[in-house]
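K.L.:
Here is my input; please provide its structure:
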Amino acid sequence: MALVLYHNPRCSKSRAALALLQERGYQPEVFEYLKQPPSPRELRAILKKLGCSAHELVRATDKKFQQLGLGPITELGEEKLIELMCEHPQLIQRPILINNDRARLGRPPEAVLEIAG
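P.N.:
Presented below is the predicted three-dimensional model:
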């Protein structure tokens, strides 16, 4: 069973989730998605495992979202948001822990423990 943590080391929630996992003896594969963004196909698979839409995973309040001048999130379609998150991975909520066919957003960080073991 391989755990994969989509991680941003500059994010306090992401660091806290990784620390919680490690404290409990889990050693997830750490995937720094800002350095290597997911493809649209990979992001769709993550969304499916999370059981949420791109609208729920995008950081619409992020400064980058505002800089892109996209307007209200409600006016953007699912595929457009997936494309934007792949082009600008800082728009993806984090951290995300994946355990086979399940995933959890680490907000709060303790949420990742629900699927860790």
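K.L.:
Please report how far the closest residue to L50 other than its chain neighbours lies from P72.
P.N.:
Setting aside the residues directly before and after it, L50 is nearest to A103 in space (Cβ to Cβ, 6 or more residues apart in numbering), at 4.7 Å. (C-beta placed from N, C-alpha, C; glycine too.) A103 sits at a distance of 27 Å from P72 (criterion: Cβ to Cβ, to the nearest Å).
K.L.:
ok so, going back, which SS state does the residue nearest to L50 fall under?
P.N.:
Taking DSSP: H, G, I helix; E, B strand; the rest coil as the rule, one finds A103 in the strand state.
K.L.:
Could you give the bridge partners of it?
P.N.:
I98 (DSSP bridges).
K.L.:
which secondary structure element contains the residue lying closest to D101 once chain neighbours are set aside?
P.N.:
Excluding the flanking residues, the one nearest D101 by Cβ to Cβ, 6+ apart is K49, at 6.1 Å. Element membership for K49 (DSSP states H and E) is helix 40-50.
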